[in-house]
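In: Generate a structure from the sequence data that follows.
(chains A and B)
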There are 2 protein chains.
Amino acid sequence: MDLQALVDAASTRDWDTDPEGTVSIAVVGLGNYARNVSIPAIEAGDYAEVGAVVSGDPEKAERVADEHGAVPLSYEGYAEGEAVDAYDAVYVATPNRIHLDQIRTAADHGKHVICEKPLEATTERATAGVDACEDAGVTLMTAYRMQADPVIRALGSFVSRGGIGEPTKAMGEFTFPVLAGSNGPDQWRLDAELAGGGALMDVGVYPLNTTRYLLGADPGAVEAMARASEPFGDRPDDPDSPRFADEHVHVLASFPEGVVGEFTASFSGEADSWLELVGSDGRVRIENAFVPGGDRTVRVTTGDGEVELSGIGADETREEFDYFAHCVLTGTPPEPDGHDGLTDVAIMGAIYEAAESGERVTLTRR
Amino acid sequence: MDLQALVDAASTRDWDTDPEGTVSIAVVGLGNYARNVSIPAIEAGDYAEVGAVVSGDPEKAERVADEHGAVPLSYEGYAEGEAVDAYDAVYVATPNRIHLDQIRTAADHGKHVICEKPLEATTERATAGVDACEDAGVTLMTAYRMQADPVIRALGSFVSRGGIGEPTKAMGEFTFPVLAGSNGPDQWRLDAELAGGGALMDVGVYPLNTTRYLLGADPGAVEAMARASEPFGDRPDDPDSPRFADEHVHVLASFPEGVVGEFTASFSGEADSWLELVGSDGRVRIENAFVPGGDRTVRVTTGDGEVELSGIGADETREEFDYFAHCVLTGTPPEPDGHDGLTDVAIMGAIYEAAESGERVTLTRR
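Out: This next block holds a predicted model:
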């Protein structure tokens, strides 16, 4: 794959077989991200639509349902199978630690599932979610929007075909200052219990998963440092204090063939996100990499020259839902499946263990 | 310090008191770097000149001496004090593991010393070099050219005055493919014995030392991963095989106040070098950071706006020798002194220990 082929691929869906039909989705959890990013993306797509919305706030459910011609449901109604014919699949966008409950309900109703990242708060609960969907014979996709971005997919092909020679290392950052400004600590993302962690679980998973995707490989060992305003893992007595685990996390991850990835994620500090892959004969840098709908810039340098792609990748969340719906319509297993999400939860567990112990933690192949 | 003050400071020598006189330097070791980078920089400066050149190759010594109106010396002649009045100071540019011998000779002759980085191959030998100069009452500077670069100095002031708020983390890379192309393994830099290590000792020291300088602080603990084509630390039986220690090294370094630095250095892979510092209210990124005379770009983002400095810092090696000569002429201790160089050698020893053990290594304050 030469540089021109990369440029061409970066604006092409490599999976779309133009199937008939539409998948109706129940959106479970109506937080900011679901309302402002995911629902508009579902509505903008070719193969998905909003069939139901689930919220603990009846007024909010009613309002959002009205806006999209969908059925409003309470969590109890969802659990009990109310209006179960109004949707074919479930999008889980609740706090991490209750993903499993929503996945189980969906599986019980025979509904396919697209679940936000991280798949769950612990490896045990993520495994239970994967098992529930396998037992019910329904599709489970982890909502890694980067893997649906045509640019990232094209880069993955480019790297796997030797576009940068033998990969030697990866580096990446996602600093997203949720602690700053109007975003107070009053968010479940900052609650170590509900989130399963802090910056690593919420934003660190992006450079981790995208590197795994681009390399087509999983790390075998990790080392890490982490810190928080409160001691790591502690729940302070003051209920108004932040309860997140890691405000900053720094990771070394050893991949096969001696490739090492370095990542950092933060809940405070000047915002930025980027990912860089170095190889024996080239280099790929993605700037503004992980912000939803961000104006990404991708720079690829090889012995053949340099190419810069700008203002691309703005629709990766629409792509994500259309890709999921396409998988459902065509009976194709999604690439970012439940196992993919489970692998990251297990790696992140090992990262927290390494940060606490100060020791390299070896991962067993799952 | 606002952004305009930073721009102004970036083109100003903050140390120059316009003293009388010139310091004549004996260049000990006439490798590529000394001949092509350091000697031209000495000649280009205001306060230094080449007084003698020392080489194991008499023809080379003669030729280089002729070009610069200097006295040619053998290592034996240098050790025995031949033409000792032809120079005031010594620039040590030999392989790392024989720095100490050259420093001791200089100190014995009462000559001031500027010694290439890393200061020596081991902490013990670096300590002996520092002690020798202290006992003789001569100046010892470690040749950290980045610390003499007006841009880096201005950034140091900017950061210490809160220009990016409270620093939160640092990231950096120096990938310099000495193993590629015409640069074969036939170099002392690739000899673990002579160099004291591999990529870390030769190029990794740049992001490490520059971060220490910009933060004004030293790490208290390190974690690392390293790999080489040959097993770490082994000397293969085949004398034609590379004998370097680390081809790639990846480091997490924990600084005071919870700041963590992430660095990587490599002897192979697509070349690049950069350093980034993140704070609660801003970010500094230096591109093409560590290549001698490189066309650096510095981007500073703060709440006040963004400024980009381009095509700057091309003369940092001239600045380095002028700064050293200025210190000698004015009797001022250099900022990158022997202790600064010794600290990095000790940190790098801990990094190798961490890479081998897979455990976080705590550094004791020196």
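In: Every contact and neighbour count from this point should use C-alpha atoms.
Out: Noted.
In: average pLDDT for the helix or strand where residue A:51 lies?
Out: Taking DSSP states H and E as the criterion, residue A:51 maps to strand A:48-54. Average pLDDT, strand A:48-54: 98.
In: which other residues reach it?
Out: Residues from elsewhere that reach strand A:48-54, judged by Cα atoms under 8 Å, 6 or more residues apart in numbering or on different chains: A:22-30, A:39, A:42-43, A:61, A:64-65, A:68-75, A:78, A:86-87, A:321-322, A:325.
In: List the first helix or strand encountered after it toward the C-terminus.
Out: Once the chain leaves strand A:48-54, the next helix or strand it forms, by DSSP H and E, is helix A:58-68.
In: counting contacts, what elements does that following helix pack onto?
Out: Secondary-structure packing of helix A:58-68 (3 or more Cα pairs under 8 Å, 6 or more residues apart in numbering or on different chains; DSSP states H and E): strand A:48-54, strand A:71-73.
In: Need the winner for burial among these.
Out: strand A:48-54 (a mean of 26; mean count of other Cα atoms under 10 Å in any protein chain shown).
In: if I look at residue A:28, how far off is residue A:52?
Out: 8 Å (Cα to Cα, to the nearest Å).
In: How about the residues of chain A by chain B?
Out: Contacts of chain A with chain B, taken as Cα under 8 Å from any Cα of the partner chain, map to A:168, A:223-225, A:227, A:250-252, A:254, A:258, A:260, A:262, A:268-270, A:278-283, A:302, A:358-360.
In: Can you check the pLDDT for residue A:184?
Out: Turning to residue A:184, the model gives it a pLDDT of 52.
In: next one: the one 10 residues further on
Out: We note a pLDDT of 89 for residue A:194 in this prediction.
In: Which secondary structure element is home to it?
Out: Per DSSP H and E: residue A:194 is located in helix A:192-195.
In: Follow the chain on from that helix and name the next helix or strand.
Out: Taking DSSP H and E, what comes next after helix A:192-195 is helix A:199.
In: which secondary structure elements does the very next helix or strand once past that next one contact?
Out: Remark: after helix A:199, the chain's next helix or strand is helix A:205-215, criterion DSSP H and E. In this structure, helix A:205-215 makes packing contacts with helix A:150-160, strand A:167-175, strand A:260-266, helix A:338-357, judged by 3+ Cα pairs under 8 Å, 6+ apart.
In: Tell me which of these is the most buried.
Out: Greatest burial across those, using mean count of other Cα under 10 Å, falls to strand A:260-266, with a mean of 28.
In: what does that one contact?
Out: A:168-177, A:199-200, A:203-204, A:207-208, A:211, A:246-255, B:225, B:250, B:262.
In: What is the neighbour count of residue A:316?
Out: Applying other Cα atoms under 10 Å in any protein chain shown, we find 23 residues neighbouring residue A:316.
In: tell me the centre residue of chain A?
Out: Nearest to the mean C-alpha position of chain A, counting by Cα atoms, centre = their mean, stands residue A:144 at 3.5 Å.
In: Identify the residues contacting that residue.
Out: Contact analysis of residue A:144 by Cα under 8 Å, 6+ apart lists A:116, A:117, A:209, A:320, A:336.
In: which SS class is the nearest residue to residue A:109 once chain neighbours are set aside?
Out: Ranked by Cα to Cα, 6 or more residues apart in numbering or on different chains and with sequence neighbours excluded, the top spatial neighbour of residue A:109 is residue A:81, at 7.0 Å. Using DSSP: H, G, I helix; E, B strand; the rest coil, the structure places residue A:81 in coil.
In: Right, and chain B sits closest to which residue of the stretch 1-150 of chain A?
Out: residue A:3 (16.2 Å; Cα to the nearest Cα).
In: so the nearest residue to that residue once chain neighbours are set aside is in which element?
Out: With sequence-adjacent residues excluded and distances taken as Cα to Cα, 6+ apart, residue A:3 is closest to residue A:307, at 7.0 Å. Assessed by DSSP H and E, residue A:307 sits inside strand A:305-312.
In: Tell me the helix or strand right after that strand.
Out: Downstream of strand A:305-312, the next assigned helix or strand under DSSP H and E is helix A:316-330.
In: Can you give the contact residues for that next one?
Out: Contacts for helix A:316-330 (Cα under 8 Å, 6+ apart): A:15-16, A:19-23, A:37-38, A:41-42, A:44-48, A:112, A:114, A:139, A:141, A:143-150, A:292-293, A:332-334.
In: Select only the buried ones of those in ChimeraX?
Out: Filtering those down to the buried ones (16 or more other Cα atoms under 10 Å in any protein chain shown) takes a single ChimeraX command:
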select /A:22,23,38,41,42,44,45,46,47,48,112,114,139,141,143,144,145,146,147,148,149,150,292,293,334
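In: Quick check: end-to-end length of stretch A:191-206?
Out: Span of stretch A:191-206 from end to end, Cα to Cα: 19 Å.
In: so the residue of the stretch 1-150 of chain A closest to chain B touches residue A:309, yeah?
Out: No: counting by Cα atoms under 8 Å, residue A:3 does not reach residue A:309; the two are 10.9 Å apart.
In: Could you verify that residue A:26 is part of a helix?
Out: No: read with three-state DSSP, residue A:26 is strand and lies in no helix.
In: beta partners for it?
Out: Here residue A:26 shows beta-bridge partners residue A:52, residue A:90, assigned using DSSP bridges.
In: Quick one: residues contacting it.
Out: A:50, A:51, A:52, A:53, A:54, A:87, A:88, A:89, A:90, A:91.
In: cool, residue A:210 as well?
Out: A:146, A:147.
In: Mind doing that once more with 7 Å?
Out: residue A:146 (Cα atoms under 7 Å, 6 or more residues apart in numbering or on different chains).
In: Repeat that for the one 5 residues further on.
Out: Counting by Cα under 7 Å, 6+ apart, residue A:215 makes contact with nothing.
In: how close does it sit to residue B:315?
Out: Counting by Cα to Cα, the gap from residue A:215 to residue B:315 is 39 Å.
In: Next: residue A:292.
Out: 42 Å.
In: Can you list the low-confidence ranges for the stretch 151-300 of chain A?
Out: A:180-186, A:229-244 (pLDDT under 70).
In: Please report phi then psi for residue A:110.
Out: phi 70, psi 30 (degrees, to the nearest 10).
In: Count the residues that sit near the residue of the stretch 1-150 of chain A closest to chain B.
Out: With other Cα under 10 Å as criterion, residue A:3 counts 17.
In: Looking at the helices and strands packed on helix A:58-68, which is nearest to residue B:106?
Out: Closest to residue B:106 of the helices and strands packed on helix A:58-68 is strand A:48-54 (Cα to Cα; 77.1 Å).
In: Would you mind getting the angle between that closest one and helix A:58-68?
Out: 160 degrees (axes from the mean of the first three to the mean of the last three Cα atoms, to 10 degrees).
In: ok and strand A:48-54 relative to helix A:316-330, angle-wise?
Out: Using the same axes, to 10 degrees: strand A:48-54 against helix A:316-330 is 100 degrees.
In: and the gap between residue A:311 and chain B?
Out: As judged by Cα to the nearest Cα, to the nearest Å, residue A:311 and chain B stand 20 Å apart.
In: What about the closest residue to that residue other than its chain neighbours, how many residues nearby?
Out: If the residues on either side of it in the chain are set aside, residue A:311 comes closest to residue A:295, at 4.7 Å by Cα to Cα, 6+ apart. Other residues near residue A:295 number 16, with proximity taken as other Cα under 10 Å.
In: wait, isn't residue A:295 in contact with residue A:315?
Out: No: look at residue A:295 against residue A:315 with Cα atoms under 7 Å: they stay out of range, at 9.9 Å.
In: pLDDT wise, what is residue A:28 at?
Out: Taking residue A:28 on its own, its pLDDT is 98.
In: residues contacting it?
Out: A:53, A:54, A:55, A:90, A:91, A:92, A:93, A:94.
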